[in-house]
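[1] please work out how this folds:
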Amino acid sequence: MAAAAKDVSKRKAAEVSLSKEEAAAARKNAPNPVWFKPVMFGFMLLGLIWIVLYYVTSTGLGLPIPQLGQANIFVGFGLVLVGFLMTPWWK
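    Now for the predicted structure:
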């Protein structure tokens with residue numbers, strides 16, 4: 001009787017591991033969420049706009065954040081970089 005209980009528990013453990021593998025495969029093949037592409041391209045465009053705005057207003061206003069000065073370029077490139085780092089996961 002005890003041997004039969006061991007077989008059942010081993011079988012259930014094997015079924016659980018198979019279902020975990022199946023779940024991982026399903027996640028791997030699943031499409032991206034609806035918000036993924038707009039957020040990715042949004043970061044890229046926001047970074048580009050940030051840099052262009054800084055260059056256009058650098059002689060007068062110094063927008064987007066005057067206190068940062070030329071560090072605004074790093075902020076813009078950082079935003080673009082976040083967008084580009086999201087591209088490997090785009091399906």
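
[2] spatially nearest residue to Leu48 (excluding sequence neighbours)?
    Leaving aside its sequence neighbours, Leu48 sits nearest to Val80 (Cβ to Cβ, 6 or more residues apart in numbering; 6.5 Å). Yep, even glycine has a C-beta here, placed from its N, CA and C like the rest.

[3] please name the residues that touch that neighbour.
    Phe43, Met44, Gly47, Leu48, Ile51 (Cβ atoms under 8 Å, 6 or more residues apart in numbering).

[4] helices along the chain, start to end?
    With helices called from DSSP state H, the chain shows them at 2-29, 36-57, 71-86.

[5] what would those look like in a markdown table with distance to Ile65?
    Shown next, in a markdown table, are the helices of the chain (distance: least, Cβ to Cβ, whole Å):
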| stretch | distance to Ile65 |
| --- | --- |
| helix 2-29 | 39 |
| helix 36-57 | 9 |
| helix 71-86 | 6 |
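
[6] what would those look like in a markdown table with distance to Pro64 and mean pLDDT?
    Output for the helices of the chain, formatted as a markdown table (distance: least, Cβ to Cβ, whole Å; pLDDT from 0 to 100):
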| stretch | distance to Pro64 | mean pLDDT |
| --- | --- | --- |
| helix 2-29 | 38 | 66 |
| helix 36-57 | 5 | 95 |
| helix 71-86 | 6 | 95 |
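
[7] I am finished for the moment; much appreciated.
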